[in-house]
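Colleague: Following is a predicted model, sequence given first.
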Amino acid sequence: MNVVELAFAYLRRRWGQALLSILVAALGVAAVSVAFVGLDALPDAAERSWGGVDLVIGPKGSVLDLVLCCALHISDPRGLISEKAAMRAASHPLVRVAAPIALGDNVNGIRIMGTTPAILSVYRAQIASGRVWNKPLEAVLGAQAARTLGFKLGDSFIGAHGLEPGGEMHSQFPYKVVGVLAPTGSVLDRLVLTDIETVRYIHRKHAEDEAAETGVTATYVNLPDAATAVVASYKTPVAALLVPRLIEANPTLSAATPSFEVARVMSYLRPLSLAATALGILLVVIAAAAAAASLTATMNARTRDLALLRALGAGPLAIASVAFAEAAMIALAALIVGLALSAAVIAWGTSLLAEQTGLLLEPQVDPESLSYLVLGAFAVAALAALFPAIRAARTPIEELLQS
Amino acid sequence: METANASNNVLTTRNVVLARDGNRFARLPDLDIAAGRSVAVIGPSGCGKTTALMALAGIRAPMEGSISVDGTDPWALGRSARDRFRGRRIGLVFQSFHLVDALSVRANIWLAAQCAKYPLHEPHRLDDLLARLGLAPVKTRRADRISHGQAQRTAIARALLNRPAVVLADEPTSALDDANTRTIMALLAECAVAERAALVVATHDRRVLDTVDQVVEMEKLQ
């Protein structure tokens, strides 16, 4: 007996019920798959983004804010520090290289980061064309920033105040593009780099203008070596156990380790991942229960057909396999639809995350997780079909001749 | 169970007694049917005709007696072997045809070979049957979308596909008018002759009697 053909014919006959079972199960598969793939890809995306930054030194306050602002470049700065004090704190034998950064301006939404050429060593970045800045108002573009802005070597641009587009233009300070970096895969690709003194000067002027209007003197005026943070790269991972503690002892500085902070955030997100997985499994179980009820009902309605198959010589196993084949087809369709749905959700989430935060998810399909998902779906389908299959296998032929 | 003498006959029965609720209730007269010959088993409703067909088909065991189909006693076989034997050597035509509505006419007929795992060595067997029974134009149509007559012919084609030794038909003419009764019986008899199969028709319909070679009447034991 061609079980597949018969099972498919039966499914087609009750396509409405079958479609409902497939959709509910597909939602479950998609939820589990997104939880497996999407949330697992987040820490990797963050790690790629912070690149070679092992340590961020900033003002006292939330270390998570410090990582989000100065390692991942997602949030706004919370205050300023003295570059000298922070660089002195970073000058530890276990620190390979450190560079100060100053944030506060943007060009078309892309952050302008004042820093020193040592930043290239922190991120292990290289100049792809042109050269490193060596004068005020010279800028080097990250690879992606160059593509997005469409600037070439020698082009000029005006920065705007703040980290979001739409701020006041610093028209009297035009930048000149003198270099473009090779892609690093890190956040550096999405930044515009310039001399830290340039940023300080522009902000000092801006603060003085504001002070003249409002009478309030900003930190940039009072702190000649103001910086948003200092980022550093270690010589050895062991430094992560020692250096931050030494810096935390400083009454004005905080030390944040991106890997620790992201791991902490992910530990907060873990229940979300578990909830998504649980919801997915629940949906798959509901779909299986619906499919089982539907199969049982249709097997009852199909007693005559099944008795006929037995009368024509099909064994009980072959009869039972019709129910299994129907459930397996529902599972297969749910897997295909569910995985396609999860791919679409992950693609949408990846694009949204990149747009909102600059984090580039690179979801990897883990063959082991995928095989568990496939095996799980078919196992649930087999369970759903078990009772209807047993009923079908026990269909007495006599009923056929007596009906 | 004693095996009947099956020489020259494709269906032979001896002293077959049928049971209902554990009690002897009917006896099938002894049959010796050669290939291409037809027999009507008659009797009023409830006399055991259908139960007799079940015994011949290896579906419900008789209380006593022996049955030989093409030299084999189906009741001497194990359950799976008996199911397979029935599928291959016995063609069944049911009162209400019992087609699978979800399948096409062609797939319904093909089921007979598939269920019995019958090695159909003749590549054109199915198409020949479809053509001979006038079903070719509707072969891809679903079974619930064909006429009553087409459904009858589909059921007959399915019963004949595996070249059975015996065709058992249960009340094939009930609820049919005279013209259709003549048509269906002529078709069954013609097919039995053409396929060299013995035809056994269980019926209470007296109109069938002059269309078969032999008539036997069920004996009630209670």
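Modeller: Thanks, I have the structure now. Residues are numbered from 1 along each chain as shown, chains lettered A, B, ... in the order given.

Colleague: contacts and neighbour counts: CA atoms only from here.
Modeller: Fine.

Colleague: I'd guessed B:Ala26 sits against B:Gly48; true?
Modeller: Yes: checked against C-alpha atoms under 8 Å, the pair B:Ala26 and B:Gly48 is within contact range at 6.1 Å.

Colleague: Could you double-check that A:Val337 sits in contact with A:Ala26?
Modeller: Yes: using C-alpha under 8 Å as the test, A:Val337 is close enough to A:Ala26 to be in contact (5.7 Å).

Colleague: of these two, who's got more company?
Modeller: For the pair A:Val337 and A:Ala26, the greater number of neighbours falls to A:Ala26 (30 against 19), based on other C-alpha atoms under 10 Å in any protein chain shown.

Colleague: Check that one and give its pLDDT.
Modeller: Looking at A:Ala26, its pLDDT is 85.

Colleague: And for A:Pro43?
Modeller: At A:Pro43 the predicted local confidence, pLDDT, stands at 75.

Colleague: name the element the closest residue to it other than its chain neighbours belongs to?
Modeller: Distance criterion C-alpha to C-alpha, 6 or more residues apart in numbering or on different chains; nearest residue to A:Pro43, sequence neighbours excluded, is A:Val262 at 6.8 Å. Using DSSP states H and E, the secondary-structure element containing A:Val262 is helix A:258-301.

Colleague: Tell me the helices and strands packed up against that helix.
Modeller: Contacting helix A:258-301 under the criterion 3 or more C-alpha pairs under 8 Å, 6 or more residues apart in numbering or on different chains; DSSP states H and E are the following elements: helix A:15-50, helix A:63-70, helix A:316-357, helix A:367-393.

Colleague: for it, what is the average pLDDT?
Modeller: Model confidence over helix A:258-301 averages 77 on the pLDDT scale.

Colleague: and the angle from it to helix A:15-50?
Modeller: With axes from the mean of the first three to the mean of the last three C-alpha atoms, to 10 degrees applied, the angle from helix A:258-301 to helix A:15-50 works out at 170 degrees.

Colleague: Check the offset of helix A:258-301 from the chain's centre.
Modeller: For helix A:258-301, the separation from the chain centroid amounts to 20 Å (computed by C-alpha atoms, centre = their mean, to the nearest Å).

Colleague: Domains in chain A, by residue range?
Modeller: Recorded structural domains for chain A (assignment: automatic domain parsing) are A:3-47+A:270-402, A:55-256.

Colleague: my read: A:Ser82 touches A:Thr252, true?
Modeller: No: distance between A:Ser82 and A:Thr252: 9.2 Å, which falls outside the contact criterion (C-alpha under 8 Å).

Colleague: who has more neighbours, these two?
Modeller: For A:Ser82 versus A:Thr252, the count of surrounding residues by other C-alpha under 10 Å is larger for A:Ser82: 21 against 15.

Colleague: Tell me what the more buried one is bridged to.
Modeller: Here A:Ser82 sits in beta bridges with A:Ala226, as judged by DSSP bridges.

Colleague: Residue numbers of chain B in contact with chain A?
Modeller: Taking C-alpha under 8 Å from any C-alpha of the partner chain, the part of chain B that reaches chain A is made up of B:50, B:54, B:59-60, B:80, B:83-88, B:92, B:94-95, B:98-100, B:102-103, B:111-117, B:170.

Colleague: What pLDDT does the model give the residue in the stretch 51-200 of chain A positioned nearest to chain B?
Modeller: Each residue of the stretch 51-200 of chain A has a distance to chain B, by C-alpha to the nearest C-alpha, and the smallest belongs to A:Gly185, at 56.7 Å. With respect to pLDDT, A:Gly185 scores 82.

Colleague: tilt between the helix holding A:Val262 and helix A:63-70?
Modeller: Relative orientation of helix A:258-301 and helix A:63-70, computed by the same axes, to 10 degrees: 90 degrees.

Colleague: next structured bit after helix A:258-301?
Modeller: Secondary structure here is assigned by DSSP H and E; on that basis, the next helix or strand after helix A:258-301 toward the C-terminus is helix A:303-311.

Colleague: C-alpha coordinates for that following helix, CSV please?
Modeller: Taking Å, rounded to 0.1, in the frame of the first residue of the first chain, the C-alpha atoms of helix A:303-311 are listed here in CSV:
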residue,chain,number,x,y,z
THR,A,303,-13.1,2.9,10.1
ARG,A,304,-14.8,1.8,6.9
ASP,A,305,-11.8,2.7,4.8
LEU,A,306,-9.3,1.1,7.2
ALA,A,307,-11.3,-2.1,7.3
LEU,A,308,-11.3,-2.0,3.6
LEU,A,309,-7.5,-1.8,3.5
ARG,A,310,-7.3,-4.7,5.8
ALA,A,311,-9.8,-6.7,3.7
